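Chemist: I would like the atomic coordinates for the input below:
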Amino acid sequence: MEPARQLRSRTTPIPGLVLFELPVHKDDRGWFKENWHRSKMLDLGLPDFGPVQNNISFNTARGTTRGIHAEPWDKFISLASGRIFGAWVDLREGPAFGTVFCSELTAQDAIFVPRGVGNAFQTLEDDTAYTYLVNDHWSAEAQTDYTFLNLADEATAVPWPISLDRAIVSAQDRNHPRLQEVVPMPGRRTLVLGADGQLGKALRVVFTGDPTVDFAGRKQFDITSEASFVNHEWRKYSTVINAAAYTAVDAAETPEGRPTAWSINATAVARLARAAVEHSLTLVHISSDYVFDGTNDVHREDEHLTPLGVYGQSKAAGDLAVGTVPQHYVVRTSWVVGDGTNFVRTMAGLASRGASPEVVDDQWGRLSFASDIASGIRHLLDNRAPYGTYNLSNSGEQQTWADIAEDVYRLRGADPGLVRRTSTAEYAKPGTAPRPRSSVLDLSRIRGAGFNPPTAAERLAAYLDGSGT
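Modeler: As a prediction, the model looks like this:
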């Protein structure tokens, strides 16, 4: 058997369009090649695009010409026999629109074609078998998302080896629009679920002006309904941020609250993880300090999950489901403060009335302002940080709830001495869910990714004077 050349890749002028040289092993019987090898392709920088369908276009005669079609999915193209002249035109929104790349392909070559890049070929030999993997299933509905370009478009001027007047071309392919008439294919979008909650509202602010982000509250996407997942147009999206959660910690311990907590925090998240795997989505999911029992003074991302109550257990189950998604970020946070009912707002209201609340002083942690959580999420996505789990709270000294209450009173011009300190055991009422003793999160990894959360003290002052959320 003859030695085969090594697997190699090279980029092209079209962003994301990657050409491959495939090792082909030949002997007197014929040849063998690994047409697609996931781990090797990933090592060469190809995205983990998750093919779900394999198609073959067999072309009997030399000069058969097909395209130019840009489809709403990625393709990995190679040949089983014959030889082609391939032409690719970027038909996506953006500065590369109209860029052309051409190359001959044989059985020793392959090419990865990103969604929205127009693809065409002309056979240079009889009996050419053209094969391609795609990462979404063909459907009649999907055809409405195609973008087409005329094979004879003057602006792109593809140099067909066999002139189109002598080539075998379908009537449909001869009548596609010219480049100036083409509506560029929009990029995949980002979907934010739970957009009406504290974090969801902060994400609306962080993504203000970004036309590629869709926001869905409970009315737009009911995560407790399986039909929402089945009927959703996932092919439109590349990223889903799940800010939806059941956060009534004490109510989760009741017979009414327990199934709701599991439905939203675990079952719905498992469905979302399945959709992310099936459609090659990046999934961002918000976790909680309640997945830990709080016996460690500081919690790292790799700490074993040890939830105490129903809320923490349901959140831990959701985390595990998200961990099965190849492209995922679990953003673990604590003591969230944003636009909505929260501890800081409650204390500020009590301070304005001169009330003297009892506040526990044996639970430790840091506040996490929703605006900074949202900024951290956008940072991870924009900078394509390594996938995995990231702790994300505000920085600064760890505090007890009583410490924070006194700070709120002081900043409101009230007497911090009105805050009466108590223990968790003394404060707890029947039906109160167990809380972690320590909710302090180690921030080394998020800082290593280039995001440095501001201190909780500066954010608290801004929140109370109305300049921050």
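Chemist: could you pull out the helices in the stretch 301-450 of the chain for me?
Modeler: Here the stretch 301-450 of the chain has its helices, by DSSP state H, counting those that start in this stretch, at 310-322, 343-352, 370-382, 401-411, 424-427, 444-448.
Chemist: so which of these comes closest to residue 215?
Modeler: For the helices of the stretch 301-450 of the chain, distance to residue 215 was read as C-beta to C-beta. The smallest value, 12.0 Å, belongs to helix 370-382. In this view, the C-beta of every residue, glycine as well, is placed from N, C-alpha and C.
Chemist: just name the most buried of the helices of the stretch 301-450 of the chain.
Modeler: A comparison of these by mean neighbour count, using mean count of other C-beta atoms under 10 Å, puts helix 310-322 on top with a mean of 24.
Chemist: tell me where the stretch 351-469 of the chain is predicted with low confidence.
Modeler: 467-469 (pLDDT under 70).
Chemist: check the chain too.
Modeler: Residues of the chain that meet the criterion pLDDT under 70 lie in 1-5, 467-469.
Chemist: show me it divided up by domain.
Modeler: The chain breaks down by automatic domain parsing into domains covering 8-181, 189-464.
Chemist: out of the ones you listed, which is the most enclosed?
Modeler: Scoring the domains of the chain by mean neighbour count under mean count of other C-beta under 10 Å gives domain 189-464 as the most buried, with a mean of 19.
Chemist: quick check, central residue of the protein?
Modeler: Of all residues in the chain, the one closest to the mean position by C-alpha atoms, centre = their mean is residue 282, 2.4 Å from it.
Chemist: residues contacting that one?
Modeler: Residues in contact with residue 282, defined by C-beta atoms under 8 Å, 6 or more residues apart in numbering, are 238, 239, 240, 276, 327, 328, 329, 381, 387.
Chemist: among these, which are in strands?
Modeler: Among those, DSSP state E puts 238, 239, 240, 328, 329 in strands.
Chemist: wait, a helix at residue 270?
Modeler: Yes: with DSSP: H, G, I helix; E, B strand; the rest coil as the criterion, residue 270 is located in a helix.
Chemist: ok, for it, nearest residue in space, not its chain neighbours?
Modeler: Nearest residue to residue 270, sequence neighbours excluded (C-beta to C-beta, 6 or more residues apart in numbering): residue 321, at 4.2 Å.
Chemist: would you confirm that that neighbour contacts residue 269?
Modeler: Yes: counting by C-beta atoms under 8 Å, residue 321 touches residue 269, with 5.1 Å between them.
Chemist: what comes into contact with stretch 254-265?
Modeler: The contact list for stretch 254-265, computed with C-beta under 8 Å, 6+ apart, reads 223-224, 244-246, 248, 251-252, 310-311, 314-315, 317-318, 431.
Chemist: return the member of these nearest to residue 352.
Modeler: Sorting the contacts of stretch 254-265 by how near they are to residue 352, with C-beta to C-beta, puts residue 248 at the top with 25.5 Å.
Chemist: which non-adjacent residue is nearest that closest one?
Modeler: Using C-beta to C-beta, 6+ apart, the nearest residue to residue 248 is residue 257, at 6.1 Å.
Chemist: same question for residue 204.
Modeler: Once its chain neighbours are removed from consideration, residue 204 has its nearest residue in residue 215; the separation is 5.9 Å (C-beta to C-beta, 6+ apart).
Chemist: shouldn't the one you found be in contact with residue 197?
Modeler: No: taking C-beta under 8 Å as the definition, residue 215 is not a contact partner of residue 197, at 11.1 Å.
Chemist: show me where the stretch 51-200 of the chain has its strands.
Modeler: Counting by DSSP state E, counting those that start in this stretch, the stretch 51-200 of the chain forms strands over residues 53-59, 65-70, 75-81, 84-90, 100-105, 109-113, 117-123, 128-134, 147-148, 189-193, given from the N-terminal end onward.
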